[in-house]
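requesting a structural model of the entry that follows:
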Amino acid sequence: MKDLRETLEQAVEESHVLAASIANILQLLSRTNNPVYRAAIDELVRREAWTELNDRFFKTLAFGTGGIRGRTIGKIVTKAEAGNAVGEASPQFPCVGTNAMNFYNVSRATQGLVSYINLAKNNPSTKPSIAIAHDTRFFSRQFAELAAKVAIENGCDVFLFESARSTPELSFAVRHTNSTAGIVITASHNPPHDNGFKVYFSDGAQVVEPHASGIIEHVNSVAGEVYAVLPLEQQGKLVLLGKELDEVYKARLSTQLLRPDVVTGQSDFKIVFTPIHGTGAIISVPLLRDLGFRVLTVVEQDQPNGAFPSVKSPNPENAEALAHAIALAEKENADLVIGTDPDCDRMGVAFRDRAGKMQLLTGNQIGSLLAYYRAKAFKEKGVITAGNSSRAVIIKTLVTTDLQKAIAEKEGFRCVETLTGFKYISQKLGKYEAVLPEKARANYRSLSEEETQKLRLEYSSFYVFGGEESYGYSGGDFIRDKDGNNASLMFAEVAAYAKSKGVTLDELLDQIYVEYGYYLEKGKSLVFEGAEGAEKIQHLAESYNRRPPSEIDGSRVVAIKDFAAGGIVDIEKDPLPKEKMTMFELEDARRIAVRPSGTEPKVKFYLFGKRSDVTHDSLPKLKGELNAALDSLLTWIEADVKKRVG
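Numbers count the residues shown, from 1 in each chain. Sure, this is the predicted structure:
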């Protein structure tokens with residue numbers, strides 16, 4: 001330790017290593033007995049891989065409001081980490097570092113969560129319980145099993161899925177098992193080298209305040225991975241979850257099919273589905289087939305594989321990730337391609353347009369089609385009427401298209417806007433459940449979809465649809481997160497409906513634009529990785545409030561909202577939590593939102609534009625004009641960022 005300390009201190013004097021990195025290296029080594037940690041650090045020091053050391057140790061991976069996420073495979077893989085897996089896609093051991101997703105941080109996070117829920121539980125005489133799921137990423141199963149072990153040895157009962165399952169099924173499982181909390185090991189659609197640890201509370205939703213701060217405090221107070229194991233009689237028990245729960249989940253999802261006749265009447269309607277090596281096919285494929293859809297799958301992407309070998313990125317919003325599925329759709333003359341990310345909380349689609357070519361839809365377009373279809377279908381079914389439509393609600397994030405707001409308002413519904421993150425949409429669902437009569441709340445989770453619909457329409461708010469532009473959607477309140485399984489079913493129905501009416505999805509979108517107005521959105525993400533990148537992200541995001549522009553791309557700024565300052569309420573008069581996001585409204589009706597990503601080393605820019613008084617004849621011209629206006633806005637932003645970052 002002495003020689004290592006001296007070498008590192010000299011590296012600090014020579015400005016190779018940050019002082020914070022040394023402190024974290026020494027802290028890690030003092031609180032572990034794992035020989036891989038010391039060997040990996042020694043190798044990086046010998047190789048003078050200072051940038052790698054800084055990236056791994058410049059901070060301790062912070063437990064944020066949703067959990068932790070980071071690299072589980074380093075940019076440099078040491079011999080100690082590679083172990084017996086030299087030359088493989090994944091090393092034998094995860095990335096060593098306090099700023100990495102590894103056994104050290106999974107143990108800390110689980111210990112802190114258990115500590116918090118032990119204090120928060122209502123009945124001191126009962127054991128708390130945690131439901132745990134994981135996706136198909138490298139080390140996901142090992143991390144899930146470690147979390148289960150730590151929880152059990154610290155006095156928690158654990159419901160652990162027997163193999164990989166989707167994030168939304170974890171949300172469902174928390175509610176179904178009445179667990180105190182939930183954990184899912186996933187990094188969603190991030191690159192293969194990442195993984196994460198997401199936390200859910202007893203309502204099945206990702207944690208929000210006040211629980212978020214409480215858990216963060218407990219996790220960050222855990223010094224290391226070593227803990228005192230409780231006596232055997234005080235430990236929790238392990239229950240494995242599998243096919244039985246799958247069937248319960250599928251049965252509830254099937255209630256989201258609003259017009260079964262649309263499916264049965266389209267025998268030539270074909271879908272190509274790909275889970276992109278993730279968990280999506282476990283539920284979505286049998287669910288769709290059971291309900292009468294013809295579903296083909298992409299053989300080379302059906303098998304779980306954390307390397308995601310057939311794609312550059314397992315992100316279903318990208319054309320490249322759906323290339324194999326689109327090729328199969330062309331070969332089989334299929335109507336629709338559906339893809340889900342590794343943990344199946346996001347869904348992307350491609351469809352056959354009016355010219356017979358396959359093309360992608362944006363997340364905003366997918367969500368708008370779903371909101372429109374469900375609003376119309378619930379009205380036609382008589383579920384929503386003129387007498388109760390004021391109780392109907394569509395929920396979207398502030399950076400999601402305002403077309404969904406226009407749909408809600410014209411149909412007589414409320415449109416509630418939340419901060420970015422589906423946990424805030426789920427928080428609203430929890431609020432609506434909480435105002436039901438006490439007797440109904442007592443057994444709400446065991447009621448059928450029809451029974452909960454009646455209760456919500458009579459006493460509370462009826463959830464028509466919720467979504468965010470980043471390809472996350474939900475249609476039922478029995479799951480408290482975005483759900484790629486639910487979205488796959490809902491969108492398959494929309495596409496089958498369009499075909500039954502003799503129109504393609506782009507033609508149906510045009511009909512929506514004529515009825516509600518034309519809305520267009522574009523986005524731009526700037527990536528800044530590592531310790532230096534984190535500083536740049538913070539500097540750039542804060543600069544928009546320190547030095548706000550008065551004019552943007554030739555249009556006067558008429559309003560600025562700084563969400564970090566607080567004091568902003570939504571349409572239901574609920575205060576929005578503070579968030580590092582700034583929104584600029586321009587005189588010409590364009591709008592910009594700027595925010596650092598909560599899960600990736602990025603600053604995100606969201607651009608919005610709209611045109612009213614649309615006709616079929618004027619729509620093509622309006623599309624061109626608005627597209628050019630947002631492109632011009634994007635060019636202005638890119639030039640402005642260069643000035644701000646330096």
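
give me the number of residues near the residue nearest to Ala406 when sequence neighbours are not counted?
Computed as C-beta to C-beta, 6 or more residues apart in numbering, the closest residue to Ala406 that is not its neighbour in sequence is Tyr516, at 4.3 Å. For the C-beta atoms, the positions are set from N, CA and C on the backbone; glycine is no exception. Using other C-beta atoms under 10 Å, Tyr516 has 23 neighbouring residues.

per-residue pLDDT, Tyr516?
Looking at Tyr516, its pLDDT reads 97.

gap between it and Phe351?
To Phe351, Tyr516 is 20 Å away according to C-beta to C-beta, to the nearest Å.

which residues does Asn118 contact?
Neighbouring residues of Asn118 by C-beta atoms under 8 Å, 6 or more residues apart in numbering: Pro128, Gly155.

please apply the same query to Lys270.
The neighbourhood of Lys270, defined by C-beta under 8 Å, 6+ apart, consists of Arg294, Val295, Leu296, Ala329, Glu332, Asn333, Ala334, Asp335, Leu336.

can you do 6 Å?
By C-beta atoms under 6 Å, 6 or more residues apart in numbering, the contact set of Lys270 is Arg294, Ala334, Asp335.

and if you look at Asp483?
Applying C-beta under 6 Å, 6+ apart, the residues near Asp483 are Pro168, Ser474.

so what pLDDT did it get?
98.

if I look at it, how far off is Leu291?
Applying C-beta to C-beta to Asp483 and Leu291 gives a distance of 16 Å.

cool, and Leu436?
On the measure of C-beta to C-beta, Leu436 and Leu291 end up 29 Å apart.

now swap in Ala534 and tell me
Distance from Ala534 to Leu291, by C-beta to C-beta: 46 Å.

now do Gly278
In terms of C-beta to C-beta, Gly278 sits 22 Å off from Leu291.

now do the helices in the stretch 451-600 of the chain.
484-500, 505-516, 530-546 (DSSP state H, counting those that start in this stretch).

out of those, flag the one nearest Ala80.
Among the helices of the stretch 451-600 of the chain, the nearest to Ala80 by C-beta to C-beta is helix 530-546 (21.8 Å).

relative to helix 530-546, how tilted is the longest helix anywhere in the chain?
Identified as the longest helix of the chain according to DSSP state H is helix 619-645. Per axes from the mean of the first three to the mean of the last three C-alpha atoms, to 10 degrees, the angle that helix 619-645 makes with helix 530-546 is 110 degrees.

now do the SS call for the residue lying closest to Gly523 once chain neighbours are set aside.
Computed as C-beta to C-beta, 6+ apart, the closest residue to Gly523 that is not its neighbour in sequence is Tyr606, at 5.6 Å. At Tyr606 the chain is in strand, as set by DSSP: H, G, I helix; E, B strand; the rest coil.

wait, Tyr606 touches Thr400, no?
No - counting by C-beta atoms under 6 Å, Tyr606 does not reach Thr400; the two are 8.9 Å apart.

packing partners of the longest helix of the chain?
Identification of packing neighbours for helix 619-645 by 3 or more C-beta pairs under 6 Å, 6 or more residues apart in numbering; DSSP states H and E yields strand 518-527, helix 530-546, strand 602-611.

could those go into a markdown table alongside mean neighbour count and distance to Arg556?
Formatted as a markdown table, the helices and strands packed on helix 619-645 follow (neighbours: other C-beta atoms under 10 Å; distance: least, C-beta to C-beta, whole Å):
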| stretch | mean neighbour count | distance to Arg556 |
| --- | --- | --- |
| strand 518-527 | 18 | 21 |
| helix 530-546 | 16 | 16 |
| strand 602-611 | 21 | 16 |
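
and Phe273, how many neighbours?
Phe273 - counted by other C-beta under 10 Å - has 27 other residues nearby.

now the helix or strand hosting it against helix 484-500, angle please.
Under the criterion of DSSP states H and E, Phe273 resides in strand 270-274. Orientation check (the same axes, to 10 degrees): strand 270-274 against helix 484-500 gives 160 degrees.

okay, domains of the chain per the record?
2-241, 249-361, 365-483+496-514, 517-645 (automatic domain parsing).

can I get the ones you listed in JSON lines with distance to Met490?
Compiled in JSON lines, the domains of the chain are given as follows (distance: least, C-beta to C-beta, whole Å):
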{"stretch": "domain 2-241", "distance to Met490": "13"}
{"stretch": "domain 249-361", "distance to Met490": "6"}
{"stretch": "domain 365-483+496-514", "distance to Met490": "5"}
{"stretch": "domain 517-645", "distance to Met490": "20"}
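
of the ones you listed, which is nearest Leu489?
Leu489 lies closest to domain 249-361 among these, at 5.5 Å (C-beta to C-beta).

which residues does Leu146 contact?
So Leu146 contacts Phe103, Val106 (C-beta under 6 Å, 6+ apart).

recalculate using a threshold of 10 Å.
Asn102, Phe103, Val106, Ser107, Thr110, Phe139, Ile185, Glu225 (C-beta atoms under 10 Å, 6 or more residues apart in numbering).

ok, now Gln453?
So Gln453 contacts Thr255, Phe378, Val383, Ile384, Leu447, Phe462, Tyr463, Gly476, Asp477 (C-beta under 10 Å, 6+ apart).

distance of it from Thr51?
Gln453 is 56 Å from Thr51, by C-beta to C-beta.

same thing with Lys643?
For Lys643, the distance to Thr51 - C-beta to C-beta - is 27 Å.

between those two, point out the one with more neighbours.
Ranked by neighbour count (other C-beta under 10 Å), Lys643 and Thr51 place Thr51 first, with 16 against 9.

following the helix or strand harbouring the more buried one, which helix or strand comes up?
Using DSSP H and E, Thr51 sits within helix 50-57. Once the chain leaves helix 50-57, the next helix or strand it forms, by DSSP H and E, is strand 67-71.

note down every partner strand of that following strand and its orientation.
strand 194-201 (antiparallel) (DSSP bridges).

starting at the chain centroid, how far to the strand it pairs with?
10 Å (C-alpha atoms, centre = their mean, to the nearest Å).

same check, this time on stretch 343-360
With C-alpha atoms, centre = their mean, you get 19 Å for stretch 343-360.

returning to what we had before: which neighbours do Tyr606 and Thr400 have in common?
Common neighbours of Tyr606 and Thr400, using C-beta under 10 Å, 6+ apart, are Asn364, Thr420, Glu469, Glu521.

residues near Gln92, how many?
15.

hang on, it packs against Ile73?
No - applying C-beta atoms under 10 Å as the test, Gln92 and Ile73 come out as separate, 11.1 Å apart.

what do those two both touch?
Common neighbours of Gln92 and Ile73 (C-beta under 10 Å, 6+ apart) are Glu81, Phe139.

just to revisit the earlier point, in its sheet, what does the strand holding Phe273 sit against?
strand 294-297 (parallel), strand 336-340 (parallel).

from the ones you listed, which stretch is densest packed?
When you average the neighbours per residue for each of these (mean count of other C-beta atoms under 10 Å), strand 336-340 leads with a mean of 29.

mean confidence score for that one?
For strand 336-340, the per-residue pLDDT averages 98.

now the angle from that strand to helix 505-516?
Using the same axes, to 10 degrees: strand 336-340 against helix 505-516 is 80 degrees.

could you point out which element follows strand 336-340?
strand 347-352.

CA-only coordinates of that following strand in PDB, if you can.
The C-alpha coordinates for strand 347-352 follow below in PDB (Å, rounded to 0.1, in the frame of the first residue of the first chain):
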ATOM      1  CA  MET A 347     -40.300   0.200 -27.900                       C
ATOM      2  CA  GLY A 348     -39.500   1.400 -31.400                       C
ATOM      3  CA  VAL A 349     -41.300   0.600 -34.600                       C
ATOM      4  CA  ALA A 350     -41.000   0.600 -38.400                       C
ATOM      5  CA  PHE A 351     -44.000   0.400 -40.700                       C
ATOM      6  CA  ARG A 352     -44.900   0.100 -44.400                       C
END
